[in-house]
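Peer 1: Would you be able to build a 3D model of this:
(one chain, ligands or ions: 2)
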Amino acid sequence: MVPSIARDAGDATPENAPQKALLRRSLLATRQAVDAVTRHRWDAELCQRVIAWATLWGDANPGCSLGVYWPMREEPDLRPAYAALAAHGMQLALPVVSDKESPLQFVVWTPDDAMVKDICGVPIPASAVATAPLALLVPCVGFNRQRTRLGYGGGFYDRTLALHPRPTTVGIAYSCGLAEFDAAPHDIPLDAIITETISF
Ligand SMILES: Nc1nc2c(c(=O)[nH]1)N(C=O)[C@@H](CNc1ccc(C(=O)N[C@@H](CCC(=O)O)C(=O)O)cc1)CN2
Ligand SMILES: Nc1ncnc2c1ncn2[C@@H]1O[C@H](COP(=O)(O)OP(=O)(O)OP(=O)(O)O)[C@@H](O)[C@H]1O
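Peer 2: Ligands and ions are numbered 1, 2, ... in the order given. Below is the predicted model of the structure:
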């Protein structure tokens, strides 16, 4: 069954924040419970799909950088796909949190870079060369059929995607992240979503 936020007349707060927090917790618990063998299989399938999408995108946007993410909290681990794309000459970039109220910044990354941690504890390249990716792989805690994304609640990607020009966005999740929830006024739908079984 697809998890959902209850929508009776009594819960019409603007962003359904408490319900969203519950849904986030439930989806994170589901993702955490995936066994290692299954996770590895799903990651391999996701890597194939991401390589296929990024190769087409790279052919249409030569020389442009693709924003990726360093996996945390049982997010899909796409590092084998990053290695393949970097080996084919694509410039990759990782997000950096410089302060908790600002949009994400992106810095150039290659797979053999030395890493340090940003203020959120997420690994980032030690040599911080700024870039502005034309497309982003966006890790999702959850997503709905309208391609609205649910993240960790810090607002980092929301603030980043509110900027202009907005990069093309591809949500990355396992299919168990599919849920029913309403978009908040600030939510900007992803351009595409790739999971291990469905892409749309
Ligand atoms: N892989 C990945 N990188 C990303 C994001 C993301 O969603 N996924 N972000 C999208 O927003 C930004 C960082 N957002 C974060 C959101 C929550 C926590 C977090 O819960 N941290 C742990 C402590 C980790 C530690 O210090 O080692 C915690 O607070 O329990 C960290 C970063 C930028 N980088
Ligand atoms: N464009 C924006 N500018 C400033 N704050 C924003 C913007 N968009 C969202 N926010 C704030 O960020 C917070 C997190 O929002 P939300 O719960 O929708 O995050 P999320 O869906 O988990 O995604 P994210 O990964 O971006 O945190 C909310 O307090 C929201 O008001």
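
Peer 1: residues contacting the residue nearest to residue 3 when sequence neighbours are not counted?
Peer 2: Closest residue to residue 3 apart from its sequence neighbours, by Cβ to Cβ, 6 or more residues apart in numbering: residue 179 at 4.6 Å. In this view, the C-beta of every residue, glycine as well, is placed from N, C-alpha and C. Contacts for residue 179 (Cβ atoms under 8 Å, 6 or more residues apart in numbering) come out as 2-5, 23, 27, 142-144, 150.

Peer 1: again, only using 10 Å
Peer 2: Residues counted as contacts of residue 179 (Cβ atoms under 10 Å, 6 or more residues apart in numbering) are 2-5, 23-24, 26-27, 30, 141-145, 148, 150.

Peer 1: what about the strands in this protein?
Peer 2: Ranges of strands in the chain, per DSSP state E, are 65-67, 91-96, 105-109, 115-117, 123-125, 130-131, 135-139, 142-143, 149-150, 168-172, 192-194.

Peer 1: Can you pull the residues of the chain lying near ligand 1?
Peer 2: Counting by Cβ under 6 Å from any ligand atom, the residues of the chain close to ligand 1 are 69-72, 75, 95, 97, 104, 120-122, 139, 151-152, 154, 156-157.

Peer 1: End to end on stretch 114-134, go ahead and measure it.
Peer 2: Start-to-end span of stretch 114-134 (Cα to Cα, to the nearest Å) is 24 Å.

Peer 1: May I see the buried residues of that stretch?
Peer 2: The neighbour-count check on stretch 114-134 (16 or more other Cβ atoms under 10 Å) flags 118, 122, 124-125, 131, 133 as buried.
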